[in-house]
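Colleague: Below: sequence and its predicted model.
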Amino acid sequence: MSPIIRLATAAIAIAYFAAPATAQEAELPYWASIDTPEANMRVGAGEQFPIQWVYKREGLPVKVIRLMQGWRYVEEPDGTTGWISASLLSRQRTAIVVGDGVAAMREAPGRDAPLRWNVEPGVVGELGDCDSGWCELNVERHVGWIEETRLWGAGEP
């Protein structure tokens, strides 16, 4: 075999086998969200492990803590941890309203900005930019700013 063919074969083999390794090198922890109408959280990284929870809340934010061969060890808003298949997660940033009582969703960042809506704890939306302790949240096309302390999934994981 010619040296050029050997070199090309080696390059293809390296690219083929290195691709899964680079997918495993995400900086941890990071935010993700459930990307399917139903997702199983398991007690171990594999389908042979028992199901711990069944999530029926697409868009729910989770914190990815560990990676293992196509599985993600995640923490969800109430502190529950377990393994979810990476194929059921998205890097789309979402947040869930937490805390007691309604959270004010304002027209702009700041307590003096006009009130748009009051949002109940448990509401999930797509997270936009955060600025000076306030984050933009899109809840079914209702867009406004909520204090970052009232959102789980905002800020650094």
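Modeller: In hand now; what should we look at?

Colleague: which residues sit against whichever strand or helix holds residue 95?
Modeller: Element membership of residue 95, judged by DSSP states H and E, is strand 94-97. Defining contact as C-beta atoms under 8 Å, 6 or more residues apart in numbering, one finds that strand 94-97 is touched by 33, 59-61, 77, 103, 119-127, 135, 137, 146, 150-154. C-beta coordinates here come from the backbone N, C-alpha and C atoms, glycine included.

Colleague: In ChimeraX, select just the buried ones from those residues.
Modeller: A single ChimeraX command selects the buried members of those (16 or more other C-beta atoms under 10 Å):
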select :33,59,60,61,77,103,119,123,124,125,126,127,135,137,146,150,151,152,153,154
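
Colleague: Name the nearest residue to residue 54, sequence neighbours excluded.
Modeller: The spatial neighbour of residue 54 that comes closest, neighbours along the chain excluded (C-beta to C-beta, 6 or more residues apart in numbering), is residue 40 at 5.7 Å.

Colleague: quick one: contacts for the most centrally placed residue in the chain?
Modeller: Centroid-nearest residue in the chain: residue 32, 1.1 Å away (criterion: C-alpha atoms, centre = their mean). With contact taken as C-beta under 8 Å, 6+ apart, residue 32 is in contact with 61-64, 72, 74, 89-92.

Colleague: Now, of the residues you listed, which are buried?
Modeller: Applying 16+ other C-beta under 10 Å to those flags 61-64, 72, 74, 89 as buried.

Colleague: okay, the closest residue to residue 30 other than its chain neighbours: pLDDT?
Modeller: With sequence-adjacent residues excluded and distances taken as C-beta to C-beta, 6+ apart, residue 30 is closest to residue 64, at 5.2 Å. The per-residue pLDDT reported for residue 64 equals 98.

Colleague: Off-centre distance for the strand or helix carrying residue 64?
Modeller: Assigned by DSSP H and E, residue 64 belongs to strand 61-68. For strand 61-68, the distance between its averaged C-alpha position and the chain's averaged C-alpha position is 8 Å (C-alpha atoms, centre = their mean, to the nearest Å).

Colleague: who does it pair up with?
Modeller: On the basis of DSSP bridges, the sheet neighbours of strand 61-68 come out as strand 30-34 (antiparallel), strand 71-75 (antiparallel).

Colleague: could you dump these to a markdown table with mean pLDDT?
Modeller: Shown next, in a markdown table, are the strands paired with strand 61-68 (pLDDT from 0 to 100):
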| stretch | mean pLDDT |
| --- | --- |
| strand 30-34 | 98 |
| strand 71-75 | 98 |
